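Enquirer: A predicted structure for the sequence below; I have some questions about it.
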Amino acid sequence: MRAAVLSGGRFSIETLPDPTPGRGDAIVRVSACGICGTDYGIFTNRLLPDGVVLGHEIAGEIVALHDGGREWREGDRVAAIPLPWCGRCESCSRGQENLCQAALTYMVGCSTSPGGLAEFVRIPTSSLRRLPERMSVRHGAVVEPAAVAMAAVRLGGIHPGTRVGVIGLGPLGLFAGLTARLEGALVSGVDERPTRVACARELGLGAFEADGLATERIRELTLGGPEVVIEATGKPEAIEMAGQMARLGGRVVLVASYHAAAKIRPGHWLQRGVSLLPSIAYGPGDYDAALSLVTSGRLDVARLVTSVHSLDDVQTVFERFTTQNDDIKLLISP
Ligand SMILES: [Zn+2]
Ligand SMILES: [Zn+2]
């Protein structure tokens, strides 16, 4: 099969042996694989050994099974959960599967376990979820980032009427904002890119361009600051900004990937009683909730998927990752 192999900080298209299904596995022909900040972080910071195949936002069609039982057949259209929750550790037993260290260590496409930037990928059938006929298989790739957003919104404790601020209106920030609004929250966000601000407004969210006054505008609009601020830029300096934006006693949820140290003024956080909640990954409940938002059309995925590229474009897509102004969610179709 053709795969985008990452070695020495560059992707090259190589021919690898086709994967074969072990007991409990399916082989999925990848229809689309999303690219996100996590992949970009691995790429720029060289976090994984040479020879890996990235891609954890996967949707496609089953082409081979070891034994699908009664549930699965070849040709079934699926989204794949990349996290192999162990189901036995303390986190899994407590219902905090998102903290399962085995799952985070062996995550498909974020470890040496090969991912979806390839024609085929091996996935345990227990990690597959069916996609309805009426939706595009490609759009199934968006369920994964939507699950990340869903988990952040749940951790924030968002209810009808909760005022929410979102810093960073990329895919994660937009998904989080839209999910929060579906929960009945009042959402306003900020981003440096005018195209993303425009997109957020088009989708019915309040949005401002980052210009030094945006934090004040959002604090005014929310009558003293949002109860929950979702930080989705991954920029260390945005954490302090989120703390300043939040209202007294508010909560800041971190949901992006962070690779550098942050400077915060802890005294201000203490005096204002703002808490910091890290949200990594998601559990099965979040994934299934996100799946239902996407498959029901309550989350308008078609508007968020702004471009689809071929496997040959992977290197270029990553090189332009931070400057592709007009893109919201970018998919690779291998
Ligand atoms: Zn991702
Ligand atoms: Zn576990």
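Expert: Structure received. The structure displayed is predicted, hence computed values, not measured ones. Numbering: from 1, shown residues only. Ligands and ions are numbered 1, 2, ... in the order given.
Enquirer: Quick check: the closest residue in space to Cys110 that isn't next to it in sequence vs Ala214, distance?
Expert: Leaving aside its sequence neighbours, Cys110 sits nearest to His56 (C-beta to C-beta, 6 or more residues apart in numbering; 5.3 Å). Where C-beta positions appear, they are placed from N, C-alpha and C, glycine not excepted. Separation of His56 from Ala214 (C-beta to C-beta, to the nearest Å): 31 Å.
Enquirer: If you count surrounding residues, which of the two has more?
Expert: Neighbours per residue, other C-beta atoms under 10 Å: of His56 and Ala214, the larger number sits with His56, 27 against 22.
Enquirer: okay but the more buried one is in contact with Thr38, surely?
Expert: Yes - using C-beta atoms under 8 Å, His56 is in contact with Thr38, at 7.3 Å.
Enquirer: circling back: would you mind measuring from the residue nearest to Cys110 to Met107?
Expert: Per C-beta to C-beta, His56 is found 6 Å from Met107.
Enquirer: Can you work out which other helices and strands pack against the helix or strand harbouring Ala289?
Expert: Element membership of Ala289 [criterion: DSSP states H and E] is helix 284-296. The contact analysis (3 or more C-beta pairs under 8 Å, 6 or more residues apart in numbering; DSSP states H and E) places helix 284-296 against strand 128-130, helix 143-156, helix 171-182.
Enquirer: Model confidence for the residue in the chain sticking out farthest from the centre, exactly?
Expert: The outermost residue of the chain, judged against the average C-alpha position, is Gln271 (32.5 Å), by C-alpha atoms, centre = their mean. Looking at Gln271, its pLDDT reads 97.
Enquirer: cool, and Gly68?
Expert: 67.
Enquirer: how near is the closest residue to ligand 2 within the stretch 101-250 of the chain to ligand 1?
Expert: Distance from ligand 2 to each residue of the stretch 101-250 of the chain (C-beta to the ion) is smallest for Ala102, at 5.4 Å. From Ala102 across to ligand 1, the span is 19 Å (C-beta to the ion, to the nearest Å).
Enquirer: Does Pro226 touch Ile167 like I think?
Expert: No - the criterion here is C-beta under 8 Å, and Pro226 misses it with Ile167 at 10.2 Å.
Enquirer: So which bits of the helix holding Ala289 are buried?
Expert: Buried residues in helix 284-296, counted by 16 or more other C-beta atoms under 10 Å: Pro284, Asp286, Tyr287, Asp288, Ala289, Ala290, Leu291, Leu293, Val294, Thr295.
Enquirer: Helix or strand with the lowest mean pLDDT in the chain?
Expert: helix 301-304 (a mean of 86; mean pLDDT, DSSP states H and E).
Enquirer: Give me the contacts around that one.
Expert: Under the criterion C-beta atoms under 8 Å, 6 or more residues apart in numbering, residues Ser136, His139, Val142, Pro171, Leu174, Phe175, Cys199, Glu202, Leu203, Val294, Ile328, Lys329 lie in contact with helix 301-304.
Enquirer: Stretch 290-299 now?
Expert: By C-beta under 8 Å, 6+ apart, stretch 290-299 touches 79, 129, 131-132, 135, 139-140, 142-144, 146-147, 149-150, 175, 178-179, 182, 282, 301.
Enquirer: Selection in ChimeraX covering whichever of these are buried, please.
Expert: To isolate the buried ones among the contacts of stretch 290-299 in ChimeraX, judged by 16+ other C-beta under 10 Å, type:
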select :79,129,131,135,139,140,142,143,144,146,147,149,150,175,178,179,282,301
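Enquirer: got a list of what the residue of the stretch 1-150 of the chain found nearest ligand 1 touches?
Expert: Relative to ligand 1, the nearest point of the stretch 1-150 of the chain is Cys36 (3.2 Å; C-beta to the ion). The contact partners of Cys36, by C-beta under 8 Å, 6+ apart, come to Glu57, Pro145, Pro171, Leu172.
Enquirer: can we see that at 10 Å?
Expert: 55-57, 144-145, 148, 170-172, 256-257, 321, 329-330 (C-beta atoms under 10 Å, 6 or more residues apart in numbering).
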